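Enquirer: sequence first, then the predicted structure:
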Amino acid sequence: MTAVHQFVPTLAPRDAVGGHYLAVQETLRGAGYRSDIYSYEAKDEYKRLARSFTSFTGDGRGEPTWLLYHSSVGSPVADFVAARDEPLIVDYHNITPAPFFSRWEPAVAGALMKGRRQLAALETRAQLGIADSAFNAQELTDIGFERTSVVPILIDVVKAFAAPPDPATLGRLADARARGGADWLFVGRLAPNKAQHDIVKAFAAYRRLYDERARLHLVGGSSSHRYETALCDFVDALGLGDAVEITGPVSAGALTAHYETADVYVIASDHEGFCVPLLEAMHHRVPIVAYSAAAVPETLGDAGLLLDAKDAYTIATAVHRVVTDPDLRLQLVGAGVERLREFDIAKSRRKLLDAIDGVVGPAS
Amino acid sequence: MTDDHVDIHKLAAEIEAEVRARRAAGEYPPGFERELDRMFDRFAPPEVSNDFEAALERSEDLVIVDPVIPVASRSPVLGAVKRVMSKLLGWYHVWLAQQISALATAINTALRLLGGRVVDLEHVTGDIARARGVGARIPARRDDGAWQTSVTNALQGCAGRIAVVECGDGVLLDALVSTGLDAYGVEPRASVADAALARGLEVRIDDGAAHLHAVGAAALGGLVLRGLVERAPLGELLLLVDAAAAKLVPGGRLVVCSLRRESWGRDATAAEADLVAGRPLHPDTWNAVLPEQGFVDIQVHAAGADAYVVTATRADE
């Protein structure tokens, strides 16, 4: 029986990519491959699901063994798989270009640069590059991968986003809504490439032009303490401390509550390799206004209002249109539900197996 | 699908056009967006890429490694254990920190010396970066009327967005938009860009080369290079050609508007020519450079006595 073992930097619960690793394992095993997960670190309840990558010494059964390395950041795991003899497949989830972090977190920028160098080094070893999006696949092609396949991130949206809303959060948000004003939402880690500061600028313009009672919720942990601090100081300097909520990490229930009370999901990211929260917004029937950059237009399709310009007035005007036009809102929500079908996990599993079978051959 | 179904791509374009029109009509609070940018920049760390001195100072700030061992813990027992360990191992951490700090200080000192040598070199040979900065602040005054017809003709039928890099006050850009082309401008000088914005044109306030670097691969149907091509040093010009090849869709049109070398440095361009490192290329040079990056159908058109226009097509792959 052929083995395809996964090698990952980190396996963590409540993380879309972590869920992807497990779904890949389930898919491979379901197709008859042997498949284990080896990681640099595994967190919380996922500790028992992965082995240390250094414990891998070869399959030892005399049967074909392939390594599937997931690339998203610099990691010693990349150097480890580069030094192995087994044939290799790379699943690329995108590495944020280092310049986004250079001024904010030089150490993070260094890790990102290392990740890209490692990815380039794996190109000579890899028989196939799998990518979450055509955008990511193009990056692989640009660094020399001859064979690539696009396989969206494996996510069962019904299960993954099924947490019931946290009653306390829902109550708090509903109370605020009762006082009037639209609720803007963005979900994602605070990070320079996600440009939450541009959302705040657009929100400030929106309050000034259209709705002085509007609120903005920026939900997610932080990838940069300095960026987070600057963002908070910026919000305070604008006098928007009462209108902008920067939540930090939240529970799945609190996240659902935010989606259920949002009027619009706004994204101004300069760089995204796929962007799972877009699928979340579609699932929760929240209309989307997005700046067209990197993989965002590809993931979004026609399920949102996609803007070429990201100046504050353009985003504010687009949000105003979505919030005040019920027919448009309905259309975008409907398109979101349709779009989600494209990312149905059964389809993505099939694409993954087609890609793997194409280079590895049948499981047994 | 009902008759009320909205074409969202058209709607997005309408919204962007509405914002441009309202901006041109002065309906938005003046200076508000720029004030937002300035306010956020106050809280952001300095850019590390351009300012050598700032980068060095930042590095020096980080040179001294703090040997204080964190002992905080939610558990009183663990906290006590950490404090004991800290006392036992403190001397070792201080020793390690001193070694690392000494190494970092030595590297920083070497960098300072190297920086000093580079400054000396720049004093002798001319500071390219500084000259570029000074030159970039001078509006590129060109008579767009000289090449307007050639540019418009070259871009007719162009599918996709057209970027006019260094659009200046927007005369040429306005002419392109008036013929129904989907064109936008890029202009690094905010005060000049304001004049183009006031015409209701779509203009990004950005460095031309940086903008091209940021747009997606094969995202443009056409590209007009103006102003910058006369000032940029040769290395940067070649990078600009690389970027043009990468960002144009196969079949996309490249148009280069340039003064002739003989007229460079006269009249309105005297200050620019004195202050910048580059100068206009001879038209034949474009003929030599563009095919290497996959451009075909290269033609040179005269644009009056003092200027020329080069048109080329990005070859199909």
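Expert: That came through, no problem.

Enquirer: contacts only, for B:I162.
Expert: By C-beta atoms under 8 Å, 6 or more residues apart in numbering or on different chains, the residues touching B:I162 are B:155, B:176, B:181-184, B:220-224. Where C-beta positions appear, they are placed from N, C-alpha and C, glycine not excepted.

Enquirer: kindly recompute the last result at 6 Å.
Expert: B:I162 makes contact with B:181, B:183, B:222, according to C-beta atoms under 6 Å, 6 or more residues apart in numbering or on different chains.

Enquirer: whichever strand or helix holds B:K82 - contacts with which helices or strands?
Expert: B:K82 is part of helix B:76-125 when elements are defined by DSSP states H and E. When contacts are defined as 3 or more C-beta pairs under 6 Å, 6 or more residues apart in numbering or on different chains; DSSP states H and E, helix B:76-125 sits against helix B:52-61.

Enquirer: please repeat the previous calculation with a cut-off of 10 Å.
Expert: The helices and strands touching helix B:76-125, judged by 3 or more C-beta pairs under 10 Å, 6 or more residues apart in numbering or on different chains; DSSP states H and E, are helix B:52-61, helix B:128-136.

Enquirer: and the ones you listed, which one is worst for confidence?
Expert: If you rank the helices and strands packed on helix B:76-125 by mean pLDDT, helix B:128-136 sits at the bottom with a mean of 68.

Enquirer: closest point of the stretch 151-300 of chain B to chain A, which residue?
Expert: Taking C-beta to the nearest C-beta, chain A has its nearest neighbour within the stretch 151-300 of chain B at B:A217, 6.4 Å off.

Enquirer: that residue - how many residues pack around it?
Expert: B:A217 is flanked by 14 other residues according to other C-beta atoms under 10 Å in any protein chain shown.

Enquirer: can you pull the phi/psi pair for the nearest residue to it once chain neighbours are set aside?
Expert: Spatial nearest neighbour of B:A217, excluding adjacent residues (C-beta to C-beta, 6 or more residues apart in numbering or on different chains): B:A246 at 5.6 Å. Note on B:A246: its backbone torsions stand at phi -80, psi -30 [degrees, to the nearest 10].

Enquirer: these two touch, right, B:A246 and A:Q138?
Expert: No: using C-beta atoms under 10 Å, B:A246 is not in contact with A:Q138, being 11.0 Å away.

Enquirer: now do the shared contacts for the two.
Expert: Common neighbours of B:A246 and A:Q138, using C-beta atoms under 10 Å, 6 or more residues apart in numbering or on different chains, are B:216-218.

Enquirer: in TSV, list these along with pLDDT.
Expert: TSV is the format used below for the shared contacts of B:A246 and A:Q138 (pLDDT from 0 to 100):
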residue	pLDDT
B:G216	80
B:A217	83
B:A218	88
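
Enquirer: and which of these is nearest B:G235?
Expert: For the shared contacts of B:A246 and A:Q138, the residue nearest B:G235 by C-beta to C-beta is B:A217; the value is 22.0 Å.

Enquirer: which stretches in chain B count as strands?
Expert: B:162-165, B:183-186, B:203-204, B:220-226, B:248-259, B:295-303, B:307-314 (DSSP state E).

Enquirer: now the third one: average pLDDT?
Expert: When pLDDT is averaged over strand B:203-204, the result is 89.

Enquirer: which other helices and strands contact that strand?
Expert: strand B:162-165, strand B:183-186, helix B:190-198.

Enquirer: what's the burial count for A:M113?
Expert: Other residues within reach of A:M113, judged by other C-beta under 10 Å, total 17.

Enquirer: check whether it really touches A:S102, as I assumed.
Expert: Yes: counting by C-beta under 10 Å, A:S102 is a contact partner of A:M113 at 9.3 Å.

Enquirer: ok, A:I130 touching A:V4?
Expert: No: at 11.4 Å, A:I130 does not count as touching A:V4 under the criterion of C-beta under 10 Å.

Enquirer: is it correct that A:I95 falls within a strand?
Expert: No: going by DSSP: H, G, I helix; E, B strand; the rest coil, the assignment for A:I95 is coil, not a strand.

Enquirer: for it, which non-adjacent residue is spatially closest?
Expert: Nearest non-adjacent residue to A:I95, counting by C-beta to C-beta, 6+ apart: A:G115, 4.4 Å away.

Enquirer: and that neighbour, what is it in contact with?
Expert: Neighbour list for A:G115: A:9, A:71-75, A:78, A:94-96, A:98 [criterion: C-beta under 10 Å, 6+ apart].

Enquirer: if we go to 6 Å?
Expert: Taking C-beta under 6 Å, 6+ apart, one finds A:73-74, A:95 in contact with A:G115.

Enquirer: confidence score at the residue most central in space within chain B?
Expert: The structure's chain B has its C-alpha centroid closest to B:A210; by C-alpha atoms, centre = their mean the separation is 2.4 Å. At B:A210, the predicted lDDT confidence score is 84.

Enquirer: equivalent analysis for B:A24, please.
Expert: We note a pLDDT of 79 for B:A24 in this prediction.

Enquirer: which among the contacts of B:I162 gets closest to B:A303?
Expert: Closest to B:A303, out of all of the contacts of B:I162 and judged by C-beta to C-beta, is B:G222, at 17.6 Å.

Enquirer: any idea what the residue nearest to the closest one when sequence neighbours are not counted is bridged to?
Expert: Spatially, and ignoring its direct neighbours in sequence, B:G222 is nearest to B:I162 (3.6 Å; C-beta to C-beta, 6+ apart). Using DSSP bridges, the beta-bridge partners of B:I162 come out as B:A183, B:G222.
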